[in-house]
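Q: any chance you can model this:
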Amino acid sequence: MAEPTTIRILTIDPLPLVHAGVRQLLAAFPDLQLVGEAFDLHVALRLGPARAATVALVEIDALGPEWPAALRRLLEALCIPLVVFTLEADAEGVREALRAGARGYLLKNTRPLALAQALRSIAAGQQVFAPEVLGITFSAQPREPGVETLTRREREVLALLAHGLSNNEIGARLCVSRATVKFHCGQIFAKLGVQSRSQAVALAYSHNLVPRLIAEAEPVGQRPLRGTARARSA
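A: Here you go, the predicted structure:
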């Protein structure tokens, strides 16, 4: 039986205690390894490639006041999933992080096992959000999402997005080209008023749309769908 692939974690945080805490926590999980500890953006840009990190936990306070731009720069340079890992969340901050390309948003009160599971989900291509983050972010939105305007095929694509499938995987599942999947994603984003797949998935989960979408999408294939992780803090 093949051993699981090791997930190589880069932590980006201004506090040494946070790095030490994450290091100690990950020591309990053989498939998770802390390979780099950066205290600011510049060190992260150097350490990420040098240590071959595959996932980064990012405290946005480490990136300075212009952290959304710094997060985009980090994503472009490292080409690995970035997860915001911070003390608290506000609606606009979460939306800014998602617009900048973050694959998830976790709080530092996340329990060890939940954090480990979240890191595995991120490495598998899924999104992760603390339950409090979903509630804070999308309860503040004044309007309901335009799900009722989605076509059946767009609902199928959204359901598959919610389960972490890539555009290529969705195309294979629906027997359409990657370009067609990208077109459907663009239509979904426009109708839901979002700018990324992470935002679309978070919006679907926050309004409890995923069970309905999954039921509608079931006829498109037999392979079991992968679930998007929602980290539990309790």
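
Q: remind me which residues of this structure are low pLDDT?
A: 1-4, 135, 137-147, 206-234 (pLDDT under 70).

Q: so what are the domain limits for the chain?
A: The chain breaks down by automatic domain parsing into domains covering 7-139, 147-220.

Q: mind putting those domains into JSON lines with mean neighbour count?
A: Yep, even glycine has a C-beta here, placed from its N, CA and C like the rest. Listed next are those as JSON lines, based on neighbours: other CB atoms under 10 Å:
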{"stretch": "domain 7-139", "mean neighbour count": "19"}
{"stretch": "domain 147-220", "mean neighbour count": "18"}
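
Q: extract the CA atoms of stretch 30-41 and return them as PDB.
A: Extracted in PDB, the C-alpha atoms of stretch 30-41 (Å, rounded to 0.1, in the frame of the first residue of the first chain):
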ATOM      1  CA  PRO A  30       2.900  12.100   9.500                       C
ATOM      2  CA  ASP A  31       1.500  13.400   6.200                       C
ATOM      3  CA  LEU A  32       1.900  17.000   7.100                       C
ATOM      4  CA  GLN A  33       5.300  18.700   7.400                       C
ATOM      5  CA  LEU A  34       6.200  22.300   8.200                       C
ATOM      6  CA  VAL A  35       9.000  23.100   5.800                       C
ATOM      7  CA  GLY A  36       9.300  26.900   6.100                       C
ATOM      8  CA  GLU A  37       8.600  29.700   8.600                       C
ATOM      9  CA  ALA A  38       8.300  33.200   7.100                       C
ATOM     10  CA  PHE A  39       7.800  36.400   9.100                       C
ATOM     11  CA  ASP A  40       6.900  38.600   6.100                       C
ATOM     12  CA  LEU A  41       6.300  38.700   2.400                       C
END
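
Q: quick one: contacts of the helix or strand where T180 lies?
A: Assigned by DSSP states H and E, T180 falls within helix 178-192. Contacting residues not belonging to helix 178-192 are listed as 145-147, 149-151, 153-154, 157-158, 161, 167-168, 170-171, 174, 195-197, 199-200, 203 [CB atoms under 8 Å, 6 or more residues apart in numbering].

Q: if you set the cut-off to 7 Å instead, what comes out?
A: Contacting residues not belonging to helix 178-192 are listed as 145-146, 149-150, 153-154, 157-158, 167-168, 170-171, 195, 197, 200, 203 [CB atoms under 7 Å, 6 or more residues apart in numbering].

Q: off-centre distance for it?
A: Offset of helix 178-192 from its chain centre (CA atoms, centre = their mean, to the nearest Å): 19 Å.

Q: quick one, phi/psi of the spatially closest residue to G64 that is not a sequence neighbour?
A: Of all residues not flanking G64 in the chain, A70 sits nearest, at 6.2 Å (CB to CB, 6 or more residues apart in numbering). Per-residue torsions, A70: phi -70, psi -40 (degrees, to the nearest 10).

Q: mind listing the helices for this structure?
A: 16-26, 41-50, 67-78, 91-99, 112-123, 131-139, 152-162, 167-174, 178-192, 197-206, 210-217 (DSSP state H).

Q: now distance to I60 too, for those, in a markdown table please.
A: Output for the helices of the chain, formatted as a markdown table (distance: least, CB to CB, whole Å):
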| stretch | distance to I60 |
| --- | --- |
| helix 16-26 | 13 |
| helix 41-50 | 11 |
| helix 67-78 | 4 |
| helix 91-99 | 7 |
| helix 112-123 | 17 |
| helix 131-139 | 13 |
| helix 152-162 | 25 |
| helix 167-174 | 28 |
| helix 178-192 | 24 |
| helix 197-206 | 16 |
| helix 210-217 | 27 |
